[in-house]
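A.B. asks: next comes the sequence, and after it the predicted model I'd like to discuss.
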Amino acid sequence: MIIQAKNNLDINKDIIADYFSFKSNRISAHKVFIVTPFYPSDQFLYSGTFVESQVLCLKKNGIDTKVYLCSPRVPLLLEKFKLKWKRLKKINKNYIRSGVNVDVINFFSFPKNIAMQISIWDIERKLEKLVKRENPDILHAHFAIPTGIAACLVGEKMNKPVVMTIHGSDIHTYPYIYNCLYRNAVKYALMKADIVLAVSKYLKEHAMSIAPEANIIVKRIGIDINLFRNEEREEKKESVIKIIFVGNLIKSKGIYDLLNAFAKLCKMITKYQLNLLYIGDGPEKKALFDRAKALKIDQLVILLGARDHGEISRLINEADIVVLPSYKEGMAQVVIEACACGKPVVASKVGGIPEIVDNYVNGILVSPDSVREIVNALMKLIEDPVLRKSMGIKGRVKCEQEYDIEKNTLDLIGVYHRILK
């Protein structure tokens, strides 16, 4: 493998030295269990794609990874009443995706995460059996709850080091709902993990407020910048402006704020034909379309449903502006993907988003729950193609410097090596 520093890209020499020491000194490939509640499947194409990208990069770099997807066991007859549970039941207990073998750990669960303690215990019990049988060197859990807690319990019992990546809702939401047990459980995981990897500075600060003595560092996962890159579009109609949203169709993603802003723009702008695409599925899909009909813009709004990574890259490239008006985020993957494709972004200034979007440099930050600010930001970008192009170029440069998954995975391998010394 040849590692080069391109442009002003600074590669940490200690991490590279650790990586090559790891490659040259190992007797056999270290085995890493990836334990995650989210991973793509035929039923949930966009679930945990960031975990999959990291796994593929780890395998490419010689790490023996085994993926365990922790998926709720569907309660009896519930699948007849809710689409999500019906789809969960259809996930195979073992499947292969992009050459990676994925084993599913079905755990006991109630809707809305009631009785989370039982869910954690069920995952712990089953994971312990797998650890005894397979004897991995490292447990790498994604999300503090429920998988991180279960992995820490097993790691402590079986004397296995635990790496835990925290992503967002596991830190900024779950510790503050239902009761103090959730907060205490998350604190336990943060304290017991050998090292906690926060995907943003914001998330690290939030986690430190829960467990000040925890060993937490910022380690971004990144994206495949070769898959997500700017592709020249042929025969682009300058009179058409395409706006795109990618994510779960839930209220907290600001999907109605975007729709209402788009409706206002359609009345204000006559020079361009505007189109709005939603990529993703979720419980608000039908209500969102009904709202578009009520606003009389349903002919201009398309709900495409979930799409795989390759198609998302193509669709982002076909768009002019990417919008993510979320109320809460850890590290918004789609914002990174949009920047990598050279697209300007309009996104809420929440969570880790301001670490990706430099205001008026590679995108425009807006307040959450503000239709007016979304309208103003989109209006500015729609009317200024030079600004759109400039922001897109700067976004791509930032992704190459900070969010290249190849570089960031070498960093992760260095972490693995250090905790095994």
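C.D. replies: Happy to help now that I have it.

A.B. asks: so how far is Gly148 from Leu410?
C.D. replies: For Leu410, the distance to Gly148 (Cβ to Cβ, to the nearest Å) stands at 23 Å. For glycine as for every other residue, the C-beta is placed from the backbone atoms N, C-alpha and C.

A.B. asks: could you list the low-pLDDT ranges of the stretch 1-150 of the chain?
C.D. replies: 1-29, 74-81, 111-114 (pLDDT under 70).

A.B. asks: show me where the stretch 51-200 of the chain has its strands.
C.D. replies: Remark: strands assigned in the stretch 51-200 of the chain by DSSP state E, counting those that start in this stretch are 64-73, 94-97, 100-108, 138-142, 162-166, 195-198.

A.B. asks: report the mean per-residue pLDDT for the fifth one.
C.D. replies: In this case it means strand 162-166. Mean per-residue pLDDT for strand 162-166: 97.

A.B. asks: re earlier: of Leu410 and Gly148, which one has the most company?
C.D. replies: Remark: of Leu410 and Gly148, Gly148 carries more neighbours, 32 against 22, as counted by other Cβ atoms under 10 Å.

A.B. asks: so where's the stretch 151-300 of the chain shaky on pLDDT?
C.D. replies: Regions of the stretch 151-300 of the chain meeting the criterion pLDDT under 70 cover residues 178-179, 232-237.

A.B. asks: possible to save the strands of the stretch 51-200 of the chain as a markdown table with mean neighbour count and distance to Phe50?
C.D. replies: Conversion of the strands of the stretch 51-200 of the chain to a markdown table gives the following (neighbours: other Cβ atoms under 10 Å; distance: least, Cβ to Cβ, whole Å):
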| stretch | mean neighbour count | distance to Phe50 |
| --- | --- | --- |
| strand 64-73 | 21 | 13 |
| strand 94-97 | 12 | 14 |
| strand 100-108 | 18 | 14 |
| strand 138-142 | 27 | 9 |
| strand 162-166 | 27 | 9 |
| strand 195-198 | 24 | 12 |
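
A.B. asks: okay if I get those as TSV plus distance to Pro175?
C.D. replies: As requested, those are exported to TSV (distance: least, Cβ to Cβ, whole Å):
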stretch	distance to Pro175
strand 64-73	19
strand 94-97	31
strand 100-108	20
strand 138-142	16
strand 162-166	11
strand 195-198	14
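
A.B. asks: any idea which of those gets closest to Gln273?
C.D. replies: Set against Gln273 and scored by Cβ to Cβ, the strands of the stretch 51-200 of the chain come closest in strand 94-97, at 38.2 Å.

A.B. asks: report the strands that pair with that closest one, each with its relative direction.
C.D. replies: Strand 94-97 has the following sheet partners, assigned by DSSP bridges: strand 100-108 (antiparallel).

A.B. asks: keeping just the C-alphas, turn the strand it pairs with into CSV.
C.D. replies: Taking C-alpha atoms only, strand 100-108 is exported to CSV below (Å, rounded to 0.1, in the frame of the first residue of the first chain):
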residue,chain,number,x,y,z
VAL,A,100,-19.6,-9.4,3.9
ASN,A,101,-21.4,-12.1,6.0
VAL,A,102,-23.9,-10.5,8.3
ASP,A,103,-25.3,-12.5,11.2
VAL,A,104,-28.5,-11.2,12.9
ILE,A,105,-28.9,-11.2,16.7
ASN,A,106,-32.7,-11.0,17.3
PHE,A,107,-33.4,-9.5,20.7
PHE,A,108,-36.5,-9.1,22.8
